[in-house]
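In: Just the structure for this:
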Amino acid sequence: MSIFEILGLTLLGAGAWLWLDSLKTREIAVSTGRSVCAAEGLQFLDESVAIESLWPARDGEGSLKLRRVYSFEYSDTGNNRCKGSVTLIGQQVVTFYVGPRLV
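Out: Okay, the predicted model is just below:
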């Protein structure tokens, strides 16, 4: 095998790992968004999240992981759409945000 074949296989393997890891992390973000909305009495709209950013970051133990921010939409009245977000480092949820609401 030439160096280019080895490099190509390595890049293909890294891409497959990133894709599978992102699928698993996205499911965690969907589950967290759904749980947060249910706990706050909100409607989790579209049952989906969208990736906002992907950057390397350090977790609480100093290990280098990927930091992903996912956005989602929710409704507090049933006839509006508000934006929320879930931030994960690796597969650990570190923050979630649902904006201020009028009482």
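
In: Now Ser31: which helix or strand?
Out: helix 3-40 (DSSP states H and E).

In: what does stretch 72-91 contact?
Out: Contacts with stretch 72-91, where a contact means CB atoms under 8 Å, 6 or more residues apart in numbering, come from 24-25, 28-30, 32-33, 36-37, 41-46, 48-50, 52, 57-59, 63, 65-71, 93-99, 101. For every residue, glycine as well, the C-beta is placed using N, CA and C.

In: The residues you listed in strands, which ones?
Out: 43-44, 50, 52, 57-58, 65-71, 93-98 (DSSP state E).

In: hmm, which of the contacts of stretch 72-91 are the buried ones?
Out: Neighbour counting by 16 or more other CB atoms under 10 Å classes 25, 28-30, 32-33, 36-37, 42, 44-45, 49, 65-71, 93, 96, 98 among the contacts of stretch 72-91 as buried.

In: List the buried residues in stretch 71-87.
Out: Ser71, Phe72, Glu73, Tyr74, Asp76, Cys82, Gly84, Ser85, Val86, Thr87.

In: any chance of those in a markdown table, plus secondary structure and distance to Ala14?
Out: Compiled in a markdown table, these are given as follows (DSSP: H, G, I helix; E, B strand; the rest coil; distance: CB to CB, whole Å):
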| residue | secondary structure | distance to Ala14 |
| --- | --- | --- |
| Ser71 | strand | 26 |
| Phe72 | strand | 28 |
| Glu73 | strand | 32 |
| Tyr74 | strand | 34 |
| Asp76 | coil | 41 |
| Cys82 | strand | 37 |
| Gly84 | strand | 31 |
| Ser85 | strand | 27 |
| Val86 | strand | 25 |
| Thr87 | strand | 23 |
